[in-house]
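Chemist: Pasting the sequence and the predicted model now:
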Amino acid sequence: MNLAERVQTSIRAVNAAEREPIVVGPFTLYRSRASDHPYLNYAVPADGATEWEAIDELREAFVERGLQPRLEFVAERAPGLEEALAAHGFALQMRIPVMTCPEEDLREVPAPEGVVIARVFAGADDVRSMMEVQAAAFGEGPPSEQAVRAYGGRGVLARAEGVPAGAASHSAVAEGASEIGGVGVLERFRRRGIAAALTAAAAAEAFAEGADLCFLTPGDEGAERVYARAGFARAGTTMVHMIG
């Protein structure tokens with residue numbers, strides 16, 4: 001199994017375990033049970049599919065559920081899909097590189113002086129604080145009660161000056177891989193090295209749970225440099241996000 005296939009397989013397996021799968025032709029819409037946020041509700045193409053029928057039906061499946069039609073897929077595992085979606089009125093939201101870090105390449109990134117990073121377990125008092133700081137770092141509203149209750153215990157929280165400053169999380173381990181996501185630091189605490197330390201901490205937690213590979217998708221070149229400090233490097237694979 002090559003790297004692109006491994007990343008796509010892991011994403012599909014994690015979604016199948018945690019979300020409601022709705023099969024539409026060669027696609028599966030993974031619906032979050034806790035939120036209608038577009039980044040938590042999206043479709044993924046079936047492994048090995050090359051014929052892209054049912055795109056209009058897929059859009060209808062989203063709309064019927066009050067969701068923004070959206071797909072995420074590894075470009076190398078879905079030849080021709082980007083073009084087919086564009087022909088049906090979908091627009092490119094982003095095309096970003098995938099960065100990976102095998103366990104042996106993880107670099108220790110100590111938390112800056114005065115910053116404490118700790119894992120937040122499901123049901124802990126810090127769950128809401130972690131989710132609130134993560135949402136605020138990305139300019140989003142506070143998490144819903146349902147989202148807080150559904151938290152799976154795979155996040156880390158950074159505290160600086162005694163208050164929540166940033167957070168990161170990792171997905172469940174599937175096919176030996178885990179995705180690092182939601183790495184966010186509040187504006188007042190940025191440019192101190194907290195994001196790199198959070199990335200390394202989240203990856204370390206994933207490896208402790210049995211992963212041998214972590215992957216993530218940087219939002220821009222600045223984020224890419226941050227993740228590189230923790231040992232992540234471009235993998236020659238591209239993740240495509242499209243909306244309709």
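Modeler: Structure received.
Chemist: neighbouring contacts of stretch 214-221?
Modeler: With contact meaning Cβ atoms under 8 Å, 6 or more residues apart in numbering, stretch 214-221 is reached by 7, 10, 96-101, 103, 106, 170, 177-181, 183, 199, 203, 206-207, 224, 226-227, 232, 235, 239. C-beta: built from backbone N, CA, C; applies to glycine.
Chemist: how many neighbours does the residue nearest to Phe207 when sequence neighbours are not counted have?
Modeler: Nearest residue to Phe207, sequence neighbours excluded (Cβ to Cβ, 6 or more residues apart in numbering): Glu103, at 4.8 Å. Residues lying near Glu103 (other Cβ atoms under 10 Å) number 16.
Chemist: measure Glu103 to Leu198 for me?
Modeler: 18 Å (Cβ to Cβ, to the nearest Å).
Chemist: Quick check: Glu20 vs Arg65, distance?
Modeler: Plainly put, Glu20 is 10 Å away from Arg65 if you go by Cβ to Cβ.
Chemist: Point to the residue nearest the middle of the protein.
Modeler: Gly181 (4.1 Å; Cα atoms, centre = their mean).
Chemist: for that one, phi and psi?
Modeler: With angles defined as degrees, to the nearest 10, Gly181 sits at phi -150, psi 170.
Chemist: So what pairs up with it in the strands?
Modeler: Counting by DSSP bridges, Gly181 forms beta bridges with Ser169.
Chemist: ditto for Pro102
Modeler: Here Pro102, judged by DSSP bridges, has bridge partners Leu213.
Chemist: residues contacting Glu72?
Modeler: Shown in contact with Glu72 (Cβ under 8 Å, 6+ apart): Ile11, Tyr42, Ala43, Val44, Met239, Val240, His241.
Chemist: make it 6 Å
Modeler: For Glu72, the contact set (Cβ atoms under 6 Å, 6 or more residues apart in numbering) comprises Tyr42, His241.
Chemist: cool, and Ala61?
Modeler: Ala61 neighbours (Cβ under 6 Å, 6+ apart): Ile22, Val24, Leu29.
Chemist: So it versus Ala196, what's the distance?
Modeler: Using Cβ to Cβ, Ala61 is found at 39 Å from Ala196.
Chemist: And for Val109?
Modeler: Note on Val109: its distance to Ala196, by Cβ to Cβ, is 5 Å.
Chemist: now swap in Gly236 and tell me
Modeler: Distance of Gly236 to Ala196, computed by Cβ to Cβ: 23 Å.
Chemist: who has more neighbours, those two?
Modeler: Each of Gly236 and Ala196 has its neighbours counted (other Cβ under 10 Å); Ala196 has more, 24 against 12.
Chemist: Quick one: residues contacting that one.
Modeler: Residues in contact with Ala196 (Cβ under 6 Å, 6+ apart) are Val109, Val226, Arg229, Ala230.
Chemist: Farthest-apart pair in the residues you listed, please.
Modeler: The distance between the two most remote of the contacts of Ala196 (Cβ to Cβ) is 9.5 Å, for Val109 and Val226.
Chemist: So what pairs up with Ala118 in the strands?
Modeler: Beta-bridge partners, per DSSP bridges, of Ala118: Leu157.
Chemist: need the helices for the chain, in chain order.
Modeler: Along the chain, the stretches classed as helices by DSSP state H are 3-18, 55-64, 81-87, 127-137, 145-150, 194-208, 221-229.
Chemist: So this protein: which segments form each domain?
Modeler: The record's domain split for the chain, according to automatic domain parsing, is 3-98, 103-235.
Chemist: Put together a markdown table for the contacts of Ala196, with pLDDT and neighbour count on each row.
Modeler: As requested, the contacts of Ala196 are exported to a markdown table (pLDDT from 0 to 100; neighbours: other Cβ atoms under 10 Å):
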| residue | pLDDT | neighbour count |
| --- | --- | --- |
| Val109 | 97 | 22 |
| Val226 | 96 | 22 |
| Arg229 | 97 | 15 |
| Ala230 | 98 | 27 |
